[in-house]
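K.L.:
no sequence on this one, just coordinates:
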């Protein structure tokens, strides 16, 4: 399990169908809201990569605001999009970006 409460960091691994692979806990959204840093990794099923988890989203929680960094791959290279949100919980962002996974 990738839940590290002491460092207040959590890594969530999703498969290619956007289903949670790890961690399998019931109160995941509560843990996310109380974490300082949330990393979302998605399984890359490309034959060249060999099925590794790649980081696609990082949320840093500062309490009164959060910073969401999205990572995209393109033919030109990696593209990072950073967004700032005020008075929003990390779990609300996860529910918007992954509505079938985080309910």
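P.N.:
Structure's in. What do you need? Owing to the predicted nature of the structure, the values given are computational and were not obtained by experimental measurement.

K.L.:
Show me how far stretch 57-67 is from its chain's centre.
P.N.:
11 Å (C-alpha atoms, centre = their mean, to the nearest Å).

K.L.:
Endpoints of it, how far apart?
P.N.:
Start and end residues of stretch 57-67 are separated by 11 Å (C-alpha to C-alpha, to the nearest Å).

K.L.:
What residues of stretch 76-95 count as buried?
P.N.:
For stretch 76-95, a neighbour-count test (16 or more other C-beta atoms under 10 Å) marks 88, 89, 90, 91, 92, 93, 94 as buried. C-beta coordinates here come from the backbone N, C-alpha and C atoms, glycine included.

K.L.:
Just the terminal-to-terminal distance for that stretch.
P.N.:
End-to-end distance (C-alpha to C-alpha), stretch 76-95: 30 Å.

K.L.:
From the rest of the structure, what touches that stretch?
P.N.:
Stretch 76-95 has contacts (C-beta atoms under 8 Å, 6 or more residues apart in numbering) with 29-30, 32-33, 35, 38, 40, 59, 61, 64-73, 101-103.

K.L.:
swap in stretch 63-73?
P.N.:
55-60, 78-90, 93.
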